[in-house]
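>>> Sequence plus predicted model, see below.
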Amino acid sequence: MSNHVLITGHSKGVGKKVAEMLLLKNYQVTGIARSMLPEHHNLTQFSADLSVENEINKVCNYLNNKKFNVVLLNAGFNRIKPAESYSIDEIIRITNVNYTSQAAILNACLPALLNNKGRVIGMGSISGKEVARWNNFYGASKASMNHLLNNYFEQYRKQNLKVTTIVPDIINSEFYQEQDFEPSTNDDAYINVNDIAELIVDLIESKKNYNLNEIVIKPQRFEINRKKTDSK
């Protein structure tokens with residue numbers, strides 16, 4: 001069968017760039033996100049809010065009979081602030097988008113992935129590996145995803161399922177548009193979206209017989225800026 005890749009969060013940031021690169025290589029791409037990309041003959045899109053349980057169920061029902069070679073679990077959401085500032089709804093949204101929906105989607109796609117000796121790539125975060133202030137619930141959700149993917153590999157490695165978690169630090173993407181912080185303008189202080197996307201595409205196309213369980217990527221320098229607010 002032709003190479004068919006599922007991408008969650010395909011309309012922005014890393015997911016968007018990976019989708020664009022794969023479409024140029026004539027891959028079949030299915031994307032799941034709240035917003036859509038321009039139409040393309042090799043692109044199928046499903047609109048869903050992965051923070052809502054009913055929406056997650058709809059996505060999984062849609063995916064049950066689909067046949068994918070690769071699943072890229074890329075959708076993510078965060079609010080950077082002190083733990084006591086989060087509402088219950090925000091905690092649920094962070095957990096659902098970063099972990100619950102991704103775990104459910106992977107489970108729905110698992111039979112086809114095993115049948116195709118497929119590949120799973122999860123977008124983790126350095127916040128799920130290292131303790132950092134103000135990333136309590138996001139970091140916990142990403143740590144959960146990392147642990148789940150490690151378990152998937154151990155459970156299904158004899159069935160030739162390849163599973164990799166990409167663990168980046170600060171990326172210059174739309175992820176920070178709704179935050180009070182943003183990456184530094186210093187080129188050495190962030191990871192370029194194109195570089196991450198190229199790494200993922202190389203991984204998708206790899207024919208190596210070993211599995212890269214985890215890839216940690218950090219910029220040369222750590223710098224992050226608080227956004228300036230207009231004073232009245």
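Structure received.
>>> Check N186 and give its pLDDT.
Model confidence at N186, given as pLDDT, is 70.
>>> Near it, how many other residues are there?
Neighbourhood size, N186 [other Cβ atoms under 10 Å]: 12. (Glycine included, C-beta is placed from N, CA and C.)
>>> Look up how far K17 lies from it.
According to Cβ to Cβ, to the nearest Å, N186 stands 21 Å off from K17.
>>> same question, Y156
Distance of Y156 to K17, computed by Cβ to Cβ: 28 Å.
>>> In three-state terms, label the closest residue to L22 other than its chain neighbours for me.
Once flanking residues are discounted, L22 sits nearest to V29: 5.4 Å by Cβ to Cβ, 6 or more residues apart in numbering. Here V29 is strand, with the state taken from DSSP: H, G, I helix; E, B strand; the rest coil.
>>> Show me the strands in this structure, by range?
For the chain, strands defined by DSSP state E occupy the ranges 4-8, 28-33, 43-47, 70-73, 119-123, 162-168, 181-183, 214-217, 224-226.
>>> wouldn't M123 be in contact with V14 here?
Yes - the pair M123 and V14 qualifies as a contact (Cβ atoms under 8 Å) at a distance of 6.6 Å.
>>> okay, and the common contacts of those two?
Shared contacts of M123 and V14 (Cβ atoms under 8 Å, 6 or more residues apart in numbering): N74.
>>> before we move on, the earlier item: compare Y156 and K17 and say which is more crowded by neighbours.
Using other Cβ under 10 Å, the more surrounded residue of Y156 and K17 is K17, with 21 against 17.
>>> what's the burial count for the spatially closest residue to that one that is not a sequence neighbour?
Spatial nearest neighbour of K17, chain neighbours left out: A197 (3.7 Å); criterion: Cβ to Cβ, 6+ apart. By the measure other Cβ under 10 Å, the count of residues near A197 is 20.
>>> What's the local residue count around K25?
K25 has 11 neighbours, counted by other Cβ under 10 Å.
>>> How about the one 3 residues further on?
The burial count assigned to Q28 is 19, neighbours taken as other Cβ under 10 Å.
>>> Relative to I7, how far out is the spatially most central residue of the chain?
Most central in the chain under Cα atoms, centre = their mean is N74, positioned 1.5 Å from the mean C-alpha point. N74 is 6 Å from I7, where distance means Cβ to Cβ.
>>> cool, and Y99?
Between Y99 and I7 the computed distance is 17 Å (Cβ to Cβ).
>>> the more surrounded of these two?
I7 (27 against 21).
>>> Touching, Y156 and L114? I think so.
Yes - the pair Y156 and L114 qualifies as a contact (Cβ under 8 Å) at a distance of 6.4 Å.
>>> what's the burial count for Y138?
Other residues lying near Y138 total 22 when counted by other Cβ under 10 Å.
>>> Show me which helix or strand of the chain is least confident by mean pLDDT.
Scoring the helices and strands of the chain by mean pLDDT, DSSP states H and E places strand 181-183 at the bottom, with a mean of 60.
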